[in-house]
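Colleague: quick one, structure for this:
(one chain, ligands or ions: 1)
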Amino acid sequence: MRTILTAHDTQDFPPRTTWLEIDRSALAHNLGSLRSQLAPGTRLMAVIKANAYGHGAPVTAQLLQTAGADAFAVATLSEALELRQAGITLPVLVLGYTPGWQADLALAHGVTLTVFDLETAAALQAAAAIQRRSLTLHLKVNTGMNRLGVSPPEAPALLSALQQMDWLRVEGIFTHFATSDAADKVHADLQFVRFQQLLAQLADAGLRPPIAHAANSAALLTMPQTHLEMVRSGIALYGLDPDSDECRLPAGFSPVLSWKAIVVQVNSLAPGEAISYGREHITRRPTRAAVIPVGYADGFPRRPRHWGHVLIHGQPAPILGRVCMDQTIVDVTEIEPLWGTVRQGDEVVLIGHQGDSSITAADAGNRIQTNNYDIVSRILPRVPRVYVR
Ligand SMILES: Cc1ncc(COP(=O)(O)O)c(C=O)c1O
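Modeller: You can find the predicted model right below:
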C-alpha cells in the first residue's frame, strides 16, 4: 500500500502530490461495450463536455478517436476549439447555444453548431456568407425536457427556413430526454413519440435531416428503439451509472477515473487540540492526524458537506475539521494499530480502490447529496490527469 516515492521513480510522477489516474483500457472497453448494444451503422457520438466529465478532454478525445468513436459533443465552442487544437479531426457538435458573433471561429475550425431559432440562424448565415464557407448545423427540438430547443409544431417552418439559407447545411436533428435514467419510462416514451411524429412529418415534407439522434447513455442502454441514426453517450463511457438507483450499468463497464494523493505530513496530537480553520474539530483522544494535499480548490467540497473519508492503507480515514483550499486533515488513529504507521508518501485514495475498500464517484455523491456526474466534472484542471494502462 505504501507509495513508491523513491528517487528512481519520482520522474514518472505527476507534477503534484494529488492526481487523477485515467484508465485508457477501461475507456476503450466501455466504448466497445456501448458499441455492442448498437445496430451496425448506428453512429456513436461521445459526449466529452466539461473536460470530458473531468477526465481531461484532449487526451480522452484522442483515445476515443483512436478507439472508434464517430463524433464528439461538447457544451461550448471553446470546448470544441480545445479538441481541434488537440488534433481531433472527427465531427464536433456544440450542444449549447452559439451566438452569431462566434460563427467565424466555428467556421474556421469546422465545428458543427446547434440551432433552435431563426434569429440566431440568420446571424450564422450572415457570417458564413461573408466567409463564403458552409456551416454545418443540428436542429435541437424540445420534446419535453423544456431546456433548449424549438417546439415540435414550430420545427417544420424553422427547418424549411434554414434550408433556404445557402451557407447553412442542416445535417442533424435531435432531442434530449429528461428521465431516460428513471425506471418509469412514461415521460421518456412520450418525448420519443413526439420526436418520431415530427420526424415522420418532416420526412413527408422532404425536410428530414439525415442524422436524427435522441439517446443519451441511459436511453442507449434501456430504450433501444430510440437509437435512430446516432446516439450521444457520456456517463457510460466513463464507466459510471446513469443513475445509481434506477439505471445501473450492466456487466462490461468499469470506472475510468481514480483520484489519488499522498500523505504529506502526520501529526501526533494530544486530546483537546483543535484541527483546521475555525477550530471546529477538537480531539478527544490522542490523535494521529494525516495531512493530504487536496482541498476545495481541487473540487473536493468544503461545505455544506464534505466527502466524509478517504482511504489510507485500505481503510477509511475520516476528515477532521474544515477542508481547506489546498489541504485536508484526516484521522488515521484507528488505522495505525492494525494496518501500520502512516507516513509521508503513503497513498491516499479519494475515488477508486485501495486494498479491499473502494470509494466510488456515486459514494462521494451520496455524501454531498449530488450525483456521480457532478463529482467527476467538478475536479478542477489543476489536478493533473495521468493516463495509465
Ligand atoms: C444534450 C445532451 N446529450 C447527451 C448527453 C449525455 O448524457 P449522458 O452522460 O447521460 O450519457 C448530455 C449530458 O448531459 C446532454 O446534455
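Colleague: next, count neighbours for the closest residue to the ligand within the chain.
Modeller: Residue nearest to the ligand within the chain (C-beta to the nearest ligand atom): residue 234, separated by 2.6 Å. Backbone N, C-alpha and C define where each C-beta goes, glycine included. Residues near residue 234, counting by other C-beta atoms under 10 Å, number 21.
Colleague: for it, give me its contacts.
Modeller: Neighbour list for residue 234: 46, 47, 48, 49, 53, 73, 216, 217 [criterion: C-beta atoms under 8 Å, 6 or more residues apart in numbering].
Colleague: for residue 84, see how far away it is.
Modeller: 20 Å (C-beta to C-beta, to the nearest Å).
Colleague: same deal with residue 31?
Modeller: For residue 31, the distance to residue 84 - C-beta to C-beta - is 21 Å.
Colleague: of those two, who's got more company?
Modeller: Legend: neighbour count by other C-beta under 10 Å for residue 31 and residue 84, higher for residue 31 (20 against 16).
Colleague: residues in contact with the residue nearest to that one when sequence neighbours are not counted?
Modeller: In this structure, residue 31 finds its nearest non-sequential neighbour in residue 67, 5.0 Å apart by C-beta to C-beta, 6 or more residues apart in numbering. For residue 67, the contacting residues are 27, 28, 31, 32, by C-beta under 8 Å, 6+ apart.
Colleague: kindly reformat those residues as CSV containing distance to residue 203 and pLDDT.
Modeller: Formatted as CSV, the contacts of residue 67 follow (distance: C-beta to C-beta, whole Å; pLDDT from 0 to 100):
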residue, distance to residue 203, pLDDT
27, 36, 98
28, 36, 98
31, 31, 98
32, 32, 97
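Colleague: check for me that residue 146 belongs to a helix.
Modeller: No. Residue 146 sits outside any helix when classified using DSSP: H, G, I helix; E, B strand; the rest coil, being coil.
Colleague: that one and residue 178: what is the separation?
Modeller: For residue 146, the distance to residue 178 - C-beta to C-beta - is 8 Å.
Colleague: out of those two, which sits in the more crowded spot?
Modeller: Applying other C-beta under 10 Å to residue 146 and residue 178 shows that residue 178 carries more neighbours, namely 14 against 9.
Colleague: helix or strand: which one has that one?
Modeller: According to DSSP states H and E, residue 178 maps onto no helix or strand at all.
Colleague: the closest residue to residue 243 other than its chain neighbours - how many residues pack around it?
Modeller: Using C-beta to C-beta, 6+ apart and skipping the chain neighbours, the partner closest in space to residue 243 is residue 181 (4.0 Å). By the criterion of other C-beta under 10 Å, residue 181 has 22 neighbours.
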